[in-house]
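Asker: Quick one: sequence and predicted model below, then my questions.
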Protein chains: 2
Amino acid sequence: MKNYLESIEKSLNEFNFGDNPFELYEPIRYILSLGGKRIRPLFTLMTCHLFQDQFEKAIYPALGVEVFHNFTLLHDDIMDNAPLRRGSPTVHEKWNSNVAILSGDVMLVKAYELFLKSGFHDIQKMLSKFNKCAAEVCEGQQLDMNFETRDFVQEDEYLEMIRLKTAVLIGFAIELGAIIGGTDKDTSNKLYEFGVNIGLGFQLKDDLLDVYADSEKFGKQVGGDIISNKKTYLLIKALEIAKGEMKAQLIYWIERQGFDPREKVNAVISIYNTLGIKKLCEEKMRYYFQTGQRIFNSINIDETRKEPLRELVQKLIEREK
Amino acid sequence: MKNYLESIEKSLNEFNFGDNPFELYEPIRYILSLGGKRIRPLFTLMTCHLFQDQFEKAIYPALGVEVFHNFTLLHDDIMDNAPLRRGSPTVHEKWNSNVAILSGDVMLVKAYELFLKSGFHDIQKMLSKFNKCAAEVCEGQQLDMNFETRDFVQEDEYLEMIRLKTAVLIGFAIELGAIIGGTDKDTSNKLYEFGVNIGLGFQLKDDLLDVYADSEKFGKQVGGDIISNKKTYLLIKALEIAKGEMKAQLIYWIERQGFDPREKVNAVISIYNTLGIKKLCEEKMRYYFQTGQRIFNSINIDETRKEPLRELVQKLIEREK
């Protein structure tokens, strides 16, 4: 794990995004310096390593995925009017919205530059897959925004939204490693499906942690999604199965203006607990993680080669922040 | 001219940008439907036609350039808080800023998709050049925004800004046609320089028209740049050469809050006229157009093949809106 991460950080630091004008390029270095788990480029490198001893062959495309991911965070933060990202001011807060729009734009261009820098023989194939994925991520973000103004969202609509917004990029990160590693189409398709399932489990874990994390380990406010009425899997299921007085209580808290945040979080958690929502979400999450792992198991590769990827997935399942 | 334009409009209408969610894809069709002169894709097709009978070989990359250009308009309009684009509401006015940010993002992805659709054998080369150009266009926009908050901008800084923001994309559009047409490196480099010079002349013409256009033919308000104190070539030169009372008058009008727009426009035009600013800008513009045309003349191709490009440049020189 350490080798892969060092390789990612070193190459990210060495890549020259640009210098002038400062306001255009500094936000790119800034958002990338805020860290994050680098899950996506890790997946790319580790998947390439399944088929190639030289996993660094995939380093630039891996960075391309990470830069694209951070571009989406940068623009999403403007759209969500978010003040903080990983505990630090967001780019539009630290500079302004215009700087955030424009440095995001150039970041997307830089992601393509990193893909091209790979020297991979089939650029057409790599970029066609990336274009499809990038458009889907935008579709997911638009659906997420559309859901904000709706009273009810169905479970399957929600799952489709997180598939697009979050899961397909993890699928692509993994498939990218597979095609650079040089495996066959059937195997790279399977690995894509493995990634999408892990991505779905990953997002449901996110929904769970926002409510049920240990606040000391979580590193940010627990209950943020409840306070903002975010339509997570938990809220959608609660609205679906609550009846009578319980449903009235839930809607009361959703519609109430001017509340004590702690009181609202406790009240909604208490409703979730009565309805058994945590267990439902955990089951769904487990379903996706297990589906992903089953697909991964079906791929015929030496077990020792598979170890790093298994370890990474295990970390995602067990993560506490 | 008509053949090329028909080919552009037909292919643009036939290309499927996407359908769901509607709010993501409809703004793309909307902004492209507002028209515009399609100068950039015309340049790509005509330049390809210098070397290839089948100019349609360049149609998808030509559309890629046009889609990229409209993406920059869409995001620039948010940053400039512009209410109108080509006489119609801007995307962020018709929908909202979030929709405009996100549909712009996906538009940039679609531009790459169109480049890939070309079937051109050297995607790496095409996209490397495009990435460089796209980053430069962002740099130009950032410089333009930086200039807004400065009291003085030097002529050479301004020329560098418009080179980045406007001219390099015209250069790229032309070079793209050249490389798809299959010409040698020396010729395609020359054609790029031809395009950059035409682009610089084009922007100076824009600056001139905003002040000196015939308002009946112009189709939008004459004097908009003066009202908003936009640092065009005209204002920059006027601030550079005005002395004493004349300079004080100019600064008075720049700093004055609450004015009658007509009065300000007339007062500033009168200062420009006294200083001979129109002639200075026309000379500079002519210099770039002529430099471009001289480079074009130096390219050894049959004269009849060159005719459409000459005609297009002549239209740009003579345009009244």
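Answerer: That came through fine.
Asker: need the residues of chain A near chain B, please.
Answerer: Within reach of chain B by Cβ under 8 Å from any Cβ of the partner chain, chain A has these residues: A:18, A:20-21, A:23-24, A:75, A:78-79, A:98-99, A:101-102, A:104-106, A:108-110, A:112-113, A:116, A:123-124, A:127-128, A:131, A:134-135, A:138-139, A:141-143, A:145-146. No exception for glycine: its C-beta is placed from N, CA and C like everyone else's.
Asker: Just the strands from chain A, written as ranges.
Answerer: A:84-85, A:88-89 (DSSP state E).
Asker: most packed of those strands?
Answerer: strand A:84-85 (a mean of 17; mean count of other Cβ atoms under 10 Å in any protein chain shown).
Asker: hang on, the earlier thing: want to throw the strands of chain A into a markdown table with mean pLDDT?
Answerer: Listed next are the strands of chain A as a markdown table, based on pLDDT from 0 to 100:
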| stretch | mean pLDDT |
| --- | --- |
| strand A:84-85 | 92 |
| strand A:88-89 | 95 |
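Asker: closest to A:V153 out of those strands?
Answerer: strand A:84-85 (25.1 Å; Cβ to Cβ).
Asker: For the closest one, enumerate its sheet partners and note whether each is parallel or antiparallel.
Answerer: strand A:88-89 (antiparallel) (DSSP bridges).
Asker: and for the strand it pairs with, what are the contacting residues?
Answerer: A:L34, A:P83, A:K94 (Cβ atoms under 8 Å, 6 or more residues apart in numbering or on different chains).
Asker: Looking at those, spot the one nearest A:R256.
Answerer: Distances from A:R256 to the contacts of strand A:88-89, taken by Cβ to Cβ, are shortest for A:P83, at 22.7 Å.
Asker: tally of neighbours for the nearest residue to that closest one once chain neighbours are set aside?
Answerer: Leaving aside its chain neighbours, A:P83 sits nearest to A:E93 (5.5 Å; criterion: Cβ to Cβ, 6 or more residues apart in numbering or on different chains). Using other Cβ atoms under 10 Å in any protein chain shown, A:E93 has 17 other residues around it.
Asker: ok, back up a step: mind checking which of the residues of chain A next to chain B are in helices?
Answerer: Within these, residues falling in helices by DSSP state H are A:23-24, A:75, A:78-79, A:98-99, A:101-102, A:104-106, A:108-110, A:112-113, A:116, A:123-124, A:127-128, A:131, A:134-135, A:138-139, A:141-143, A:145-146.
Asker: List buried members of the residues you listed by neighbour count.
Answerer: A:23-24, A:75, A:78-79, A:98-99, A:101-102, A:104-106, A:108-110, A:112-113, A:116, A:123-124, A:127, A:131, A:134-135, A:138-139, A:141-143, A:145-146 (16 or more other Cβ atoms under 10 Å in any protein chain shown).
Asker: if I look at the residue nearest to A:P83, how far off is A:D80?
Answerer: 12 Å (Cβ to Cβ, to the nearest Å).
Asker: same deal with A:G140?
Answerer: From A:G140 to A:D80 the distance is 14 Å (Cβ to Cβ).
Asker: Counting neighbours, go ahead and name the busier of these two.
Answerer: A:G140 (23 against 17).
Asker: so what's that one up against?
Answerer: By Cβ under 8 Å, 6+ apart, the neighbours of A:G140 are A:M161, A:I162, A:R163, A:L164, A:K165, A:T166, A:V168.
Asker: just for the stretch 101-250 of chain A, where's the confidence low?
Answerer: Within the stretch 101-250 of chain A, no stretch has pLDDT under 70.
Asker: How far away from the center of its chain is stretch A:8-22?
Answerer: Relative to its parent chain, stretch A:8-22 has a centroid offset of 23 Å by Cα atoms, centre = their mean, to the nearest Å.
Asker: Only the C-alpha atoms, please, for that stretch, written as CSV.
Answerer: Only the C-alpha atoms of stretch A:8-22 are listed here, as CSV (Å, rounded to 0.1, in the frame of the first residue of the first chain):
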residue,chain,number,x,y,z
ILE,A,8,1.1,8.7,-6.4
GLU,A,9,2.2,11.5,-4.1
LYS,A,10,5.6,11.8,-5.7
SER,A,11,4.2,12.0,-9.3
LEU,A,12,1.5,14.4,-8.3
ASN,A,13,4.1,16.7,-6.8
GLU,A,14,6.3,16.5,-9.8
PHE,A,15,3.7,17.1,-12.4
ASN,A,16,3.7,20.7,-13.6
PHE,A,17,0.1,21.9,-13.7
GLY,A,18,1.1,25.4,-14.8
ASP,A,19,2.2,28.6,-13.2
ASN,A,20,0.7,31.7,-14.8
PRO,A,21,-1.7,33.2,-14.0
PHE,A,22,-1.3,32.2,-10.4
